[in-house]
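Chemist: Attaching a predicted model along with its sequence, questions to come.
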Amino acid sequence: MRIDKFLKNSRLIKRRTIAKEACEQERITINGKIAKPGSEVNIGDIINIKFGSNEITARVLLLTESSKKEDAVNMYEII
């Protein structure tokens, strides 16, 4: 699954366009490598998101094409 789509489906980032822009500004990494919007994410990958002074690190647990708000928290765990 594309990183921008995963971030939107998991609700880590509200909109896919914002996720795409964050990737283009090199604020998102997958396993320590800078992610492009089309970068593939797999189960077990470590995602690091930087927004201003905030930084979130999460491990991918589940990949689904769409999810309900209640199920989105099961797609990742905060490290």
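Modeler: Here it is on my side, so go on.

Chemist: Endpoint to endpoint, stretch 71-79 covers what distance?
Modeler: Counting by C-alpha to C-alpha, to the nearest Å, you get 19 Å between the two ends of stretch 71-79.

Chemist: tell me the mean pLDDT for it?
Modeler: The predicted model assigns stretch 71-79 a mean pLDDT of 88.

Chemist: So which residues lie in contact with it, not counting its own?
Modeler: Stretch 71-79 is touched from outside by 6, 9-12, 46-47, 56-64, 67, with contacts defined as C-beta atoms under 8 Å, 6 or more residues apart in numbering. Any C-beta I mention is one placed from the backbone N, CA and C, and that applies to glycine too.

Chemist: so how far is that stretch off the chain centroid?
Modeler: Centre-to-centre, stretch 71-79 and its host chain are 10 Å apart (C-alpha atoms, centre = their mean, to the nearest Å).

Chemist: Could I get the buried residue list for that stretch?
Modeler: 72, 75, 76 (16 or more other C-beta atoms under 10 Å).

Chemist: For residue 37, grab the count of nearby residues.
Modeler: When neighbours are defined as other C-beta atoms under 10 Å, residue 37 has 18 of them.

Chemist: Is it correct that it is in contact with residue 27?
Modeler: No: in this structure residue 37 lies outside contact range of residue 27 using C-beta atoms under 8 Å: 11.8 Å.

Chemist: residues contacting residue 47?
Modeler: 3, 6-7, 12, 28-30, 35, 41, 57-60, 76.

Chemist: what about 6 Å?
Modeler: 30, 58 (C-beta atoms under 6 Å, 6 or more residues apart in numbering).

Chemist: tell me the pLDDT at it?
Modeler: Confidence at residue 47, expressed as pLDDT, is 96.

Chemist: in the helix or strand where it lies, what counts as buried?
Modeler: Assigned by DSSP states H and E, residue 47 belongs to strand 46-51. Neighbour-count burial for strand 46-51, with 16+ other C-beta under 10 Å as criterion, is recorded at 47, 48, 49.
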